[in-house]
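Undergrad: just the structure for this:
(2 chains)
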Amino acid sequence: MSRWLLRVVGLSYIGVLLAAPVGLVVWRTFEHGFGPAWDAVTTPAARHALYLTLLIAAIAVPANTIFGIVCALAIVRYRFRGKGIVNALVDLPLALSPVVVGLAYFLLYSKTGWFGGWLTGHGIQVVFALPAMVLVTVFVSLPFVVREVVPVLREIGTEQEQAAATLGASPFQTFRKVTLPAIRWAVAYGVVLTTARALGEFGAVSVVSGHIVGKTETLTLHVEESYQAFDYTAAYAASFVLALIAVATLVLMSLFKPKEEVR
Amino acid sequence: MAIVARSVTKRFGSFTALDDVSIEVPAGSLTALLGPSGSGKSTLLRVIAGLERPESGTVELDGVDVTKRPPQKRGVGFVFQHYAAFKHMTVRDNVAFGLKVRRRPRAEIRKRVDELLELVQIAGWADNYPAQLSGGQRQRMGLARALAVEPAVLLLDEPFGALDARVRKDLRAWLRRLHDEMHVTTIFVTHDQEEAMEIADQIVLMNRGRIEQVGGPRDLYEEPANEFVMSFVGPVNRLGDSFVRPHDLELRIEPNGETTAGTIERVVHLGFEVRVELVLEDGRDLWAQVTRDEAEQLELAPGGKVFVRPRRSRVFQTT
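TA: Model (predicted):
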């Protein structure tokens, strides 16, 4: 009885809050058939938005993966001054509203900002261009790899690494052959979360991008822009593409994961 | 290859794990670092391996000062209490690790690994993962892995500590045989005095970051340097200022002038050995160890009167 009740509560929670909105997006996308939806996502503006979203993710995700692993190793394996501060700072992007992040970057890098004046003087355009969009995306998607890897590193301990060292492995060999394989699923999961966050970022990117159609408009901005212009099919179709990429990322990860992981 | 540690001091925060410790381990010997937990024995082993850096002091392997060398350049084999198996590798890959790192030819690696798996009796498990092995098998794999790179010295940190009593006994005897065949200078850490006495040529008994005594198993048992050594390597009774082993207590039915009267509290039969718990006239407790035949002869029973005399006892200078 209670098991049955739990199941109903769990499923309806997921149904109402997760499945229904996503289902609605799918339904609205293909409301008028496949043709209009296809046309909506193949306009030059939509194609550029998709390209830009993927490009930003392609820069931000590897950057945060490498930083995340290095940072997790530093937090778990080494003792240094200010470690507590680093540990707390890593979580800052989770606590800070993305709009605030966007604004902060805008203030730093716009023509009148601290770094912006010098950069603009040297012909480097940061805000209203790709660099700022990449920077804010890196910022908001930074914690995920670190937070996934830290507990796993703690759990595996240092004995395997010490064993590798006594067997003659250099620190880099130890990392590549012992540490990395042990944390690979945490890294993979962190990458999936980072990717999802990078693809879906709206607030911070919105502030620093300037919404230039065909130039600085990502897919999420394109959804909003289309929606504001009452072009619902375009908005839903672009949302559908976003959802599709997210699902594809998850599927890719589960494909790479061997069926019988021996623990 | 002889191992020498000189004046090694190691602190963890305010805790002094090793306090000016010096030892010499002769080439080809099997030495036990024995002591209670927190005595610094594992730390000393890890300092020798290069896994811990001492605050002061030096480590020499075969006359060469290796104090500043990282573990990968010391040529030591290390076996961990909790195996430290590479969980994502098969048994074969675990054992091959050190050889692969050294980029030895593939055929040579295969041959050597096969030999070692045979030697440690887990050849049938080569393609399994460590999680599929028993504790004893995992530790034998750990030993094979350490031996694969032909280390000049073999260091074992409570190698059988995580195993159950019977497996531990088997592996002990097996390790001693292995050592007799290979003659690799070996140090192993243990808190079990029986284990140390059974297999070591030399025992280094440690306590609170210092060495209490170094010697052969018999030296420590028969000529203990102090009270700590005497009570750590075997059971002991205290009689005033002197210490006496339970098997050095003579029990008699009749007094003979040198004896003290006592009352039997309990008689515990442990097969060949019989343990007799007594209270002397002055209220002191002690226990004697006698053989089954002696116990029968004396007709020992709880409540009975008996006369006690130490055959051999020791008095230590208090420091």
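
Undergrad: is stretch A:166-178 in proximity to chain B?
TA: Yes. On the criterion C-beta under 8 Å from any C-beta of the partner chain, stretch A:166-178 is in touch with chain B at A:166-170, A:173, A:177-178. Where you see a C-beta, it was placed from the backbone N, CA and C, and this is true even at glycine.

Undergrad: what packs against the lengthiest helix in chain B?
TA: With residue count as the measure and DSSP state H as the assignment, chain B has helix B:165-182 as its longest helix. With contacts taken as 3 or more C-beta pairs under 8 Å, 6 or more residues apart in numbering or on different chains; DSSP states H and E, helix B:165-182 sits against helix B:135-148, helix B:193-199.

Undergrad: which parts of chain B sit against chain A?
TA: Taking C-beta under 8 Å from any C-beta as the measure of proximity, chain B contacts chain A at B:49-51, B:70-72, B:74, B:76-78, B:80, B:82, B:84-88, B:97-98, B:101-102, B:129, B:131-132, B:142, B:145-146, B:148-149.

Undergrad: quick one, phi/psi of residue 250?
TA: With no chain named, the answer covers chain A. Its backbone dihedrals place residue A:250 at phi -60, psi -40, with angles given as degrees, to the nearest 10.

Undergrad: could you do chain B instead?
TA: phi -90, psi 130.

Undergrad: how close does it get to residue A:16?
TA: Separation of residue B:250 from residue A:16 (C-beta to C-beta, to the nearest Å) stands at 86 Å.

Undergrad: need the contact list for the closest residue to chain A within the stretch 201-319 of chain B.
TA: Nearest residue of the stretch 201-319 of chain B to chain A: residue B:204, at 20.9 Å (C-beta to the nearest C-beta). Taking C-beta atoms under 8 Å, 6 or more residues apart in numbering or on different chains as the contact definition, residue B:204 lies against B:23, B:31-34, B:41, B:211, B:214.

Undergrad: and what of residue B:302?
TA: Counting by C-beta under 8 Å, 6+ apart, the residues that residue B:302 touches are B:264-267.

Undergrad: swap the cut-off to 10 Å and go again
TA: With contact set as C-beta atoms under 10 Å, 6 or more residues apart in numbering or on different chains, residue B:302 has these partners: B:263-267, B:276-277.

Undergrad: return the member of the residues you listed nearest to residue B:189.
TA: residue B:277 (33.5 Å; C-beta to C-beta).

Undergrad: with adjacent residues omitted, what lies nearest to residue B:57?
TA: Nearest residue to residue B:57, sequence neighbours excluded (C-beta to C-beta, 6 or more residues apart in numbering or on different chains): residue B:8, at 3.4 Å.

Undergrad: residues in contact with the longest helix of chain B?
TA: Judged by C-beta under 10 Å, 6+ apart, the contacts made with helix B:165-182 from elsewhere in the structure are B:28-30, B:79, B:119-121, B:134-137, B:139-140, B:143, B:147, B:150, B:154, B:156, B:159-163, B:184-186, B:188, B:190, B:192, B:194-195, B:198-201.

Undergrad: now do that helix against helix B:135-148, angle only.
TA: Between the axes of helix B:165-182 and helix B:135-148, defined by axes from the mean of the first three to the mean of the last three C-alpha atoms, to 10 degrees, the angle is 20 degrees.

Undergrad: any low-confidence regions in the chain?
TA: Answering for chain A, as no chain was given. Applying pLDDT under 70 to the predicted model, the residue ranges of chain A that meet it are A:1, A:256-263.

Undergrad: let's do chain B instead
TA: Across chain B, residues meeting the criterion (pLDDT under 70) sit at B:318-319.

Undergrad: quick one: the helices in it, in order.
TA: Secondary structure of chain B (DSSP H): helices located at B:41-49, B:91-101, B:106-119, B:135-148, B:165-182, B:193-199, B:217-222, B:227-233, B:292-298.

Undergrad: with distance to residue A:234 added, can I get these in a markdown table?
TA: Below are the helices of chain B laid out as a markdown table (distance: least, C-beta to C-beta, whole Å):
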| stretch | distance to residue A:234 |
| --- | --- |
| helix B:41-49 | 65 |
| helix B:91-101 | 54 |
| helix B:106-119 | 58 |
| helix B:135-148 | 60 |
| helix B:165-182 | 70 |
| helix B:193-199 | 76 |
| helix B:217-222 | 86 |
| helix B:227-233 | 82 |
| helix B:292-298 | 96 |
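
Undergrad: looking at these, which is nearest to residue A:146?
TA: Nearest to residue A:146, of all the helices of chain B, is helix B:91-101, at 28.4 Å by C-beta to C-beta.

Undergrad: what's the closest one packed up against?
TA: Counting contacts by 3 or more C-beta pairs under 10 Å, 6 or more residues apart in numbering or on different chains; DSSP states H and E, helix B:91-101 packs against helix A:159-166, helix A:171-174, helix B:106-119, helix B:135-148.

Undergrad: now those helices in a markdown table, with distance to residue A:132?
TA: Written out in a markdown table, the entries for the helices and strands packed on helix B:91-101 read as follows (distance: least, C-beta to C-beta, whole Å):
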| stretch | distance to residue A:132 |
| --- | --- |
| helix A:159-166 | 39 |
| helix A:171-174 | 34 |
| helix B:106-119 | 51 |
| helix B:135-148 | 51 |
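
Undergrad: just put the ones you listed in a markdown table and tack on mean neighbour count.
TA: Compiled in a markdown table, the helices and strands packed on helix B:91-101 are given as follows (neighbours: other C-beta atoms under 10 Å in any protein chain shown):
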| stretch | mean neighbour count |
| --- | --- |
| helix A:159-166 | 23 |
| helix A:171-174 | 15 |
| helix B:106-119 | 16 |
| helix B:135-148 | 24 |
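
Undergrad: could you find the closest non-adjacent residue to residue B:127?
TA: Using C-beta to C-beta, 6+ apart and skipping the chain neighbours, the partner closest in space to residue B:127 is residue B:90 (5.3 Å).

Undergrad: show residues contacting stretch A:86-96.
TA: With C-beta under 10 Å, 6+ apart as the contact definition, stretch A:86-96 has outside contacts at A:67-68, A:71-72, A:74-75, A:80, A:82, A:101, A:104, A:136, A:138-147, A:150, A:197, A:204.
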